[in-house]
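Novice: Turn this into a model:
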Amino acid sequence: MNLEKFDGMVDAVQRTICMPINDKQQAAFKQKYDFEPTFEYGRDENGHYVIRTAKKMLEEMEFYLALKYDREGIDLYMHAEIDGVCYVSVSYGEDALHLQELFHFLELNK
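Specialist: All right, here's what the predicted structure looks like:
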């Protein structure tokens, strides 16, 4: 068991600067997927894709954006319940195809 490596992963995800999706991106989601997600996204220093949102929203994103197919690519999953709402921070590996597509879509619609 390598807890130092685990701590390093947690620290990298926590240092990630995540941006909330903007109005233009929100409109693009509504037009393409008929879905209006709310989340923050970023890339950590190791190139992993990071998503921060409510757990319920992540479940919807897994359905609408096919992120469920990248579950095996999850490197770190953290959650906390605050005032009855469960929030998650999820780090996916660089080779997670649907995350690559999602981040490309976000970049095109900045």
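Novice: helix or strand for His104, which one?
Specialist: Following DSSP states H and E, one finds His104 within helix 97-108.
Novice: Which residues belonging to that helix are considered buried?
Specialist: By neighbour count on 16 or more other Cβ atoms under 10 Å, the buried set for helix 97-108 is 98-99, 102-103, 106. For the C-beta atoms, the positions are set from N, CA and C on the backbone; glycine is no exception.
Novice: Also stretch 30-38?
Specialist: By 16+ other Cβ under 10 Å, the buried positions in stretch 30-38 come out as Pro37.
Novice: Stretch 63-76 too?
Specialist: 65, 67, 70, 73-76.
Novice: nearest residue to the residue positioned nearest the centre of the chain other than its sequence neighbours?
Specialist: In the chain, the centroid-proximal residue (Cα atoms, centre = their mean) is Ile51; its distance is 1.8 Å. Residue nearest to Ile51 in three dimensions, not counting chain neighbours: Val90, with 5.0 Å by Cβ to Cβ, 6 or more residues apart in numbering.
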